[in-house]
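In: The following comprises the amino acid sequence and a computationally predicted model.
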Amino acid sequence: MSHLSERPEKPVVGLPLPHESAALHVTGAALYTDDLVHRTKDVLHAYPVQVMKAHGRITALRTGSALAVPGVVRVLTGADVPGVNDAGMKHDEPLFPDEVMFHGHAVAWVLGETLEAARLGAAAVEVDVDELPSIVTLRDAIAAGSFHGARPVMLTGDVDAGFADSAHVFTGEFQFPDQEHFYLETHAALAHVDEAGQVFVQSSTQHPSETQEIVAHVLGLHSHEVTVQCLRMGGGFGGKEMQPHGFAAVAALGARLTGRPVRVRLNRTQDLTMSGKRHGFHATWKIGFDADGRIQALDATLTADGGWSLDLSEPVVARALCHIDNTYWIPNARVTGRVARTNKVSNTAFRGFGGPQGMLVIEDIMGRCAPLLGLDPMELRERNFYRQGHSTPYGQPVLQPERISAVWQQVQDAAGVAGRKREIAAFNAAHPNTKRALALTGIKFGISFNLTAFNQGGALVLIYKDGSVLINHGGTEMGQGLHTKMLQVAATTLGIPLHKVRLAPTRTDKVPNTSATAASSGADLNGAAVKNACEQLRARLLQVAAGRLGVNASDVRIAEGIARALGSDEELAWDDLVRAAYLQRVQLSAAGFYRTEGLHWDAKTFRGSPFKYFAYGAAAAEVEVDGFTGAYRIRRVDIVHDVGDSLSPMIDIGQVEGGFVQGAGWLTLEDMRWDTGDGPNRGRLLTQAASTYKLPSFSEMPEEFNVTLLENATEEGAVYGSKAVGEPPLMLAFSVREALRQAAAAFGPAGVGVELASPATPEAVYWAIEAARHGGAQRTDHARTGDEIPTEADAVSNA
């Protein structure tokens, strides 16, 4: 076992502990960025001047009337920017634009003594706009050839030969919309400037170092003149990886110009209309199977709705391509990716980062093709699982492929799938207007940033003379439990009780040049860095203990706060050991660092091994559908998920549950709508409140919900043998969508296949039921060879 993976005696990691801030969360005592406003004197409030047009050039911006509003202090415009007027890493996101690119685009910000004064001032700003043609829908962008960014192509094998060897070929089209993050805490920043001109920004950000970088270049400063701190976030889900930078820059610019603290905090409507979403995708595909239902070839084009600027759209598309295989071996593949440019908010990272979109395409293909092949969907999926020796379409060997089958079989056994399927068949036969279905789906999700340089982490660990320990690391806490795991890692490595360790808020003047807390890599990168720093300190303390105990350092063990010599009754308490080290002038602080080894990636050829490992999981979902309305309920869900040797089982199970429910929301409930008409509100987000944008709640939770972590699953080369858990569980919700498809098909004749829109709302399910009742896509036996043109029965499409 590797040094990084090996656990010492009596470790604190692996214990099922509650979230370190759980009590604060439920009592309302936890502080978030905007809570700090009430602890800060003379704060100014910022309010955006939004232009309610989808596209247009600004011909005039008059601020005089706003300055006449009582309580308005200043109006920020592009003319006030001393540095670079841009809030994006691609330099395509003007902070104060002269061209409106989406409905609700902020072109100026008003600072007021109160939020109401700022709001009234923003309403008084006069903006003249010369309207320009706009592209709102993904289909319109494709038709107009409106694209930006890279267009990667993933190629493996001989695609044409693969289709020639296929007994069955199907083609299809699939489109699914954006998803709103809807974190509980909206975007927020609070900035002030000290007497030396140092800018300090409190920001609700997943990437403090990048927020620091953007603030610095907007202000024309160096990074060491800007400090960014993130106390915690009230949810992020990827929506606070890139998008907070501009809001922090507005606050910092206002503070720099006025000399007073400035607060930016979006209300819910502003957050919904100004911040990016999960990328909606359009896919066209062609797939070939042999006579036994094994995939021979795939040719697909994935188009992401990037919105008005690139943001993270290029890496999102890259990850979508890297995950279109999911758990299936595709020997011959050609998959093209591209980013559509539309006049909508700039879409961004969202839990899974393109992976869910790519995986949804292949799972939709499998669900649609199984009845056309005359196969049970479970059987079709299982026949195509990765086996030992297989590699992905981008050339990375799939290690531990046996875990795909292991979690799959364990779910079947634990959920009693075989017996329940018989019960469901009997129920359906007896109930013509209500149908049930049970579906299984699996996941394989790559862990690491696709960009190799981001796979590094840092930490700073301090031991004080009284034996207490303070740790800082580069990761941010957004409710996912990262800080809890880091406390457990530090306590385990040092060999001390958990109560001895405290964690400080994430800030850029303690750990510099950090990567975003994203890509499910937070615990891997920061945990290894914390472990590295603690090991440096432990090594120094072992030398001190050895001297006090009269043995070699290699014979000393520290556990539960006691240093003991092997084969001796001599011991030394932790506090006494630390005091002795201080008196001997031993350094009691250490900076830790970690870089993920074994990664390589060539973006031009789209080949390499970009992931440290794969996380696996499987879910079985049972649903019941009403044939009159399409309404449904999730009766039961069983999940087995691979997190390696869990660092914190209670945290990990919570992540699996939460990820699954968020995924189910994306796939079944969250139907984002935009005004696509030619009227004055073209481009307006129609679902801009919880009243119109339906989120999963307790009523959508499975009536029975069983989550099990895969046992004996140590991951070599990862911190204490663990695996990431943040993103992969979201894709387990594919099982719900596929169960709904099968339940809808059950209203039709045997062997019928149905198309199911996404999200699979009750309305969408109803239309799928109607299609099934009218025969759907009936199975036809059609062996074919060579370049024979597919018959109508071969074609599967979804407008």
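Out: Yep, it's here. The structure displayed is predicted, hence computed values, not measured ones. Numbers count the residues shown, from 1 in each chain.
In: mind listing the helices for the stretch 451-600 of the chain?
Out: Secondary structure of the stretch 451-600 of the chain (DSSP state H, counting those that start in this stretch): helices at 482-494, 522-549, 574-583.
In: deepest of the ones you listed, which one?
Out: Of all these, helix 482-494 has the most neighbours on average by mean count of other CB atoms under 10 Å, namely a mean of 26. (Glycine included, C-beta is placed from N, CA and C.)
In: Now do it: which elements does it pack against?
Out: strand 469-473, strand 501-503, helix 522-549 (3 or more CB pairs under 8 Å, 6 or more residues apart in numbering; DSSP states H and E).
In: now the end-to-end length of stretch 447-454.
Out: Criterion CA to CA, to the nearest Å; first-to-last residue distance in stretch 447-454 is 12 Å.
In: Can you tell me what sits against it?
Out: For stretch 447-454, the external contacting residues (CB atoms under 8 Å, 6 or more residues apart in numbering) are 315, 318-319, 322, 455, 515-516, 518-521, 524, 596, 599-601, 610-615, 723-724.
In: what do you get if the cut-off is 6 Å, keeping everything else the same?
Out: Residues outside stretch 447-454 that contact it (CB atoms under 6 Å, 6 or more residues apart in numbering): 315, 318-319, 455, 515, 519-520, 596, 599, 601, 610-613, 615, 724.
In: So what would you say the end-to-end distance of stretch 69-89 is?
Out: One end of stretch 69-89 to the other measures 35 Å (CA to CA).
In: which of the residues in it are buried?
Out: Residues 69, 71-77, 80-81, 83-89 are the ones in stretch 69-89 that count as buried (16 or more other CB atoms under 10 Å).
In: again, but for stretch 172-185
Out: Neighbour-count burial for stretch 172-185 flags 172, 174-183, 185 (criterion: 16+ other CB under 10 Å).
In: before we move on, the earlier item: any chance of a markdown table for the helices of the stretch 451-600 of the chain, columns distance to Pro729 and mean pLDDT?
Out: Formatted as a markdown table, the helices of the stretch 451-600 of the chain follow (distance: least, CB to CB, whole Å; pLDDT from 0 to 100):
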| stretch | distance to Pro729 | mean pLDDT |
| --- | --- | --- |
| helix 482-494 | 16 | 98 |
| helix 522-549 | 15 | 98 |
| helix 574-583 | 37 | 98 |
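In: looking at those helices, which is closest to Asp160?
Out: When the helices of the stretch 451-600 of the chain are compared by CB to CB, helix 522-549 sits nearest Asp160, at 39.9 Å.
In: Going along the chain, name the strands of the stretch 501-650 of the chain.
Out: 501-503, 506-507, 556-559, 562-565, 571-573, 589-595, 600-602, 607-609, 613-626, 632-641 (DSSP state E, counting those that start in this stretch).
In: for those, which one ends up most surrounded?
Out: strand 613-626 (a mean of 26).
In: coming back round to it: return the member of the contacts of stretch 447-454 nearest to Val125.
Out: Of all the contacts of stretch 447-454, Val125 sits closest to Pro315, with 36.0 Å by CB to CB.
In: coming back round to it: now render the strands of the stretch 501-650 of the chain as JSON lines, adding distance to Val37 and mean pLDDT.
Out: As requested, these are exported to JSON lines (distance: least, CB to CB, whole Å; pLDDT from 0 to 100):
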{"stretch": "strand 501-503", "distance to Val37": "24", "mean pLDDT": "98"}
{"stretch": "strand 506-507", "distance to Val37": "18", "mean pLDDT": "98"}
{"stretch": "strand 556-559", "distance to Val37": "44", "mean pLDDT": "97"}
{"stretch": "strand 562-565", "distance to Val37": "46", "mean pLDDT": "97"}
{"stretch": "strand 571-573", "distance to Val37": "44", "mean pLDDT": "97"}
{"stretch": "strand 589-595", "distance to Val37": "33", "mean pLDDT": "98"}
{"stretch": "strand 600-602", "distance to Val37": "43", "mean pLDDT": "96"}
{"stretch": "strand 607-609", "distance to Val37": "46", "mean pLDDT": "98"}
{"stretch": "strand 613-626", "distance to Val37": "39", "mean pLDDT": "98"}
{"stretch": "strand 632-641", "distance to Val37": "40", "mean pLDDT": "98"}
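In: what about those, which gets the closest to Pro8?
Out: For the strands of the stretch 501-650 of the chain, the distance to Pro8 is smallest for strand 556-559, at 7.0 Å, taking CB to CB.
In: Now tell me what touches that closest one from outside.
Out: Residues from elsewhere that reach strand 556-559, judged by CB under 6 Å, 6+ apart: 9-10, 495, 542, 545-546, 563-565.
In: do that again at 8 Å, thanks
Out: With contact meaning CB under 8 Å, 6+ apart, strand 556-559 is reached by 8-10, 494-496, 538, 541-542, 545-546, 549, 563-566, 574, 577.
In: do the same with stretch 377-386
Out: By CB under 8 Å, 6+ apart, stretch 377-386 touches 292-295, 327-329, 366-367, 369-371, 373, 375, 398, 401, 404-405, 408, 417, 439-442, 444, 738, 742.
In: ok, of these, which come out buried?
Out: Neighbour counting by 16+ other CB under 10 Å classes 293-295, 327-329, 366-367, 369-371, 373, 375, 398, 401, 404-405, 408, 417, 439-442, 444, 738, 742 among these as buried.
In: In helices only, show me these.
Out: Counting by DSSP state H, those place 366-367, 369-371, 373, 404-405, 408, 417, 738, 742 in helices.
In: Looking at these, which is nearest Glu99?
Out: Nearest member of those to Glu99, counting by CB to CB, is Gly367, at 42.6 Å.
In: coming back round to it: now distance to Gln229 too, for the helices and strands packed on helix 482-494, in JSON lines please.
Out: Below are these laid out as JSON lines (distance: least, CB to CB, whole Å):
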{"stretch": "strand 469-473", "distance to Gln229": "11"}
{"stretch": "strand 501-503", "distance to Gln229": "13"}
{"stretch": "helix 522-549", "distance to Gln229": "16"}
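In: Can you list the low-confidence ranges for this protein?
Out: For the chain, the stretches with pLDDT under 70 are 777-799.
In: let's go with 90 and repeat that
Out: Along the chain, the parts satisfying pLDDT under 90 run over 1-2, 450, 567-569, 698-700, 775-799.
In: what residue is smack in the middle of it?
Out: Closest residue to the average C-alpha location of the chain: Arg351 at 1.7 Å, with CA atoms, centre = their mean.
In: first to last residue in stretch 376-396, what's the distance?
Out: Stretch 376-396: ends 30 Å apart by CA to CA.
In: what about it, distance to the chain center?
Out: Stretch 376-396 sits 24 Å away from the centroid of its parent chain (CA atoms, centre = their mean, to the nearest Å).
In: before we move on, the earlier item: Pro208 is nearest to which of the strands of the stretch 501-650 of the chain?
Out: Once those are compared by CB to CB, strand 506-507 is nearest, at 5.8 Å.
In: helices or strands up against that closest one?
Out: Using 3+ CB pairs under 8 Å, 6+ apart: strand 506-507 touches strand 226-230, strand 469-473.
In: Look up phi and psi at the residue of the chain most remote from its centre.
Out: Note on the chain: the largest C-alpha distance from the chain mean falls to Gly550, namely 51.7 Å (CA atoms, centre = their mean). Main-chain torsions, Gly550, degrees, to the nearest 10: phi 70, psi 30.
In: so it makes contact with Glu570?
Out: Yes: contact criterion CB atoms under 8 Å: Gly550 and Glu570 qualify, at 7.4 Å.
In: ok, back up a step: of the ones in helices among the buried ones among the contacts of stretch 377-386, which is the nearest to Met486?
Out: Using CB to CB, these come closest to Met486 at Ile404, 30.1 Å.
In: tell me the contacts of that closest one?
Out: Per CB under 8 Å, 6+ apart, neighbours of Ile404: 327, 385-386, 442, 444, 616, 618.
In: If we use 6 Å, what do you get?
Out: 327, 385-386, 442, 616.
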